[in-house]
Structure formats: C-alpha cells, structure tokens
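# sequence plus the predicted model coming up.
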Amino acid sequence: MTYEKLPALAQNVLEELRARDPKIIRQTRTDRTTSYIVRVGQPFDVGGPAQVGDVVGGLLVRNSDVGYASLVIALHLTRLVCKNGMVVAESKSIVHRAYRRIGMADLKEKLALGLKDLPSRLQRAGRLLERSGHHTVSDAEAALVELLRVARHPLRQLPIFFAAYAVEPNPTAFGIAQAVTLRAQEAQITPEDRLPLEQAAGKYLRRYGGS
C-alpha cells in the first residue's frame, strides 16, 4: 500500500517514522473506528526462559471520524509466533485526544516528542513481557476475571477466554495475557473491543512483570 492511498493521519505517522523503516502490519476499519498497527524497526528476540520468541515493536493508531472515540497513538508489541498484540503500558499515550481538535502540524510535533527513545522503550517492554513469564499464577480463572474487568469486557464471556487459555495452559502472568490477546484476535471480537483487551494485557503484564 502506498502512502498516497492511506488516510492523512496514517500518512503523517508513517512520514514521521520513515527513518525507522515503518510498515503497517494490521489495519481494521468499521463504521465507528479506524485502527492501524505500524511496525517500527525489525523483530527482536527478548531471550530468557519464558520462551517469548521474536517480537516486533510499533505503534497503535486508533481514530474515529464519527466521534465514537478519541485519537490514540501508543506503543505496541506483537509476538510474531502467534500474532498476539498488546498495548505497552506507559504513564500516558503518545497522543490521546479528540482528533477533531488536533491539526496535522500539532500532530507532527506531538509525535516527534512522543517518539523520543522509542527503540529503548520497546526493548524495555520486551523484557517486561519476558519477566512476566516468571510470575506464577495459581488461579488462572481468577486472573482472567481480573484482566477482563480491567478491560471492562463482559464477564459472561469468561468461559471462552478460559478455553483459549486451555489451548496452551501456561500458569504465569504471561500465559494469562497470551490467552486474552489470542482470543482478542477472533472475528467475533470487534476492533472496538479488541483495543481495551490489548490495553488491559499491557497493564496486567506491567503489574506482574515489574516496571
């Protein structure tokens, strides 16, 4: 896809990241929101005994042209072996505000400020992901309930998420987050619901993977 065929917002993000070899690896559009995952740089192996494997860092870009949601630009990690993704939990997003109130010049300025030290921040997020695999979870069901509550996702769907966990049971914080983000990829989960799940996964891993 060429830059010219992308909406102006995505064009500006890619232009700002041009020196970092950006590439859109996921995009979804509904009548409420448009979302992109922009890869930044090359995949890297976080190492360690948790066997996370290769991950690739990037940016989540989510916007709404109909006033459904604010513009959000935040750090994102994708685990390549399963395409699971999570929004990196930081003190604040790179950009989070009503898109209609931000001009392109202002957006570029905020992006330039927000992308400082990007490679090192993504590396730290990868190490946090690995460390979360060292935190044992004794009650997987209770942990899933906790994460779904953070995402404000209906608890009546807990059995479906527990089934995703049962596919590859891993009694660690990493395993719980992987079950939720795996389920979040399914077609039955709307893009509007997937984002809160990926954000909740990032918050959960930050809590149990260390700062």
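All right, it came through fine. Quick caveat, the model's predicted, so the values are computed rather than measured.
# which stretches of this protein have low pLDDT?
Residue ranges of the chain with pLDDT under 70: 1-8, 19, 99-102, 210-211.
# please save the CA atoms from the lengthiest helix in it in PDB.
Scanning the chain for the longest helix, with DSSP state H as the assignment, gives helix 191-209. Below are the C-alpha coordinates for helix 191-209, written out as PDB (Å, rounded to 0.1, in the frame of the first residue of the first chain):
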ATOM      1  CA  PRO A 191     -11.900  -3.800  16.800                       C
ATOM      2  CA  GLU A 192     -13.600  -1.600  19.400                       C
ATOM      3  CA  ASP A 193     -13.500  -4.400  21.900                       C
ATOM      4  CA  ARG A 194     -10.000  -5.700  20.900                       C
ATOM      5  CA  LEU A 195      -8.200  -2.500  21.900                       C
ATOM      6  CA  PRO A 196      -9.400  -2.500  25.500                       C
ATOM      7  CA  LEU A 197      -8.300  -6.100  25.800                       C
ATOM      8  CA  GLU A 198      -4.800  -5.400  24.400                       C
ATOM      9  CA  GLN A 199      -4.600  -2.300  26.700                       C
ATOM     10  CA  ALA A 200      -5.600  -4.500  29.700                       C
ATOM     11  CA  ALA A 201      -3.000  -7.100  28.800                       C
ATOM     12  CA  GLY A 202      -0.300  -4.400  28.800                       C
ATOM     13  CA  LYS A 203      -1.400  -3.100  32.200                       C
ATOM     14  CA  TYR A 204      -1.600  -6.600  33.600                       C
ATOM     15  CA  LEU A 205       1.900  -7.500  32.400                       C
ATOM     16  CA  ARG A 206       3.400  -4.300  33.800                       C
ATOM     17  CA  ARG A 207       1.900  -5.100  37.100                       C
ATOM     18  CA  TYR A 208       3.400  -8.600  37.300                       C
ATOM     19  CA  GLY A 209       6.400  -8.200  35.100                       C
END
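# starting at the chain centroid, how far to it?
Averaging C-alpha positions (C-alpha atoms, centre = their mean, to the nearest Å) puts helix 191-209 7 Å from its chain's average.
# same deal with stretch 119-134?
For stretch 119-134, the distance to the chain centre is 13 Å (C-alpha atoms, centre = their mean).
# buried stuff in that stretch?
Within stretch 119-134, the residues that qualify as buried by neighbour count (16 or more other C-beta atoms under 10 Å) are Leu122, Ala125, Gly126, Arg127, Leu128, Leu129, Glu130, Arg131, Ser132, Gly133. Quick note: C-beta positions are derived from backbone N, CA and C, even for glycine.
# relative to helix 191-209, how tilted is the helix or strand containing the third one?
Using DSSP states H and E, Gly126 sits in helix 118-131. In this structure, helix 118-131 runs at an angle of 70 degrees to helix 191-209, with axes from the mean of the first three to the mean of the last three C-alpha atoms, to 10 degrees as the basis.
# what lies in contact with helix 118-131?
Helix 118-131 is contacted from outside by 20, 40-41, 44, 46-48, 50, 52, 55, 57, 75, 77, 79, 86, 88, 90, 174, 205-206, 209-211, using C-beta atoms under 8 Å, 6 or more residues apart in numbering.
# filter the residues you listed to the buried ones?
20, 40-41, 46, 50, 52, 55, 57, 75, 77, 79, 86, 88, 174, 205-206, 209.
# which stretches of the protein form strands?
23-29, 34-39, 44-45, 54-63, 71-79, 84-87, 95-97 (DSSP state E).
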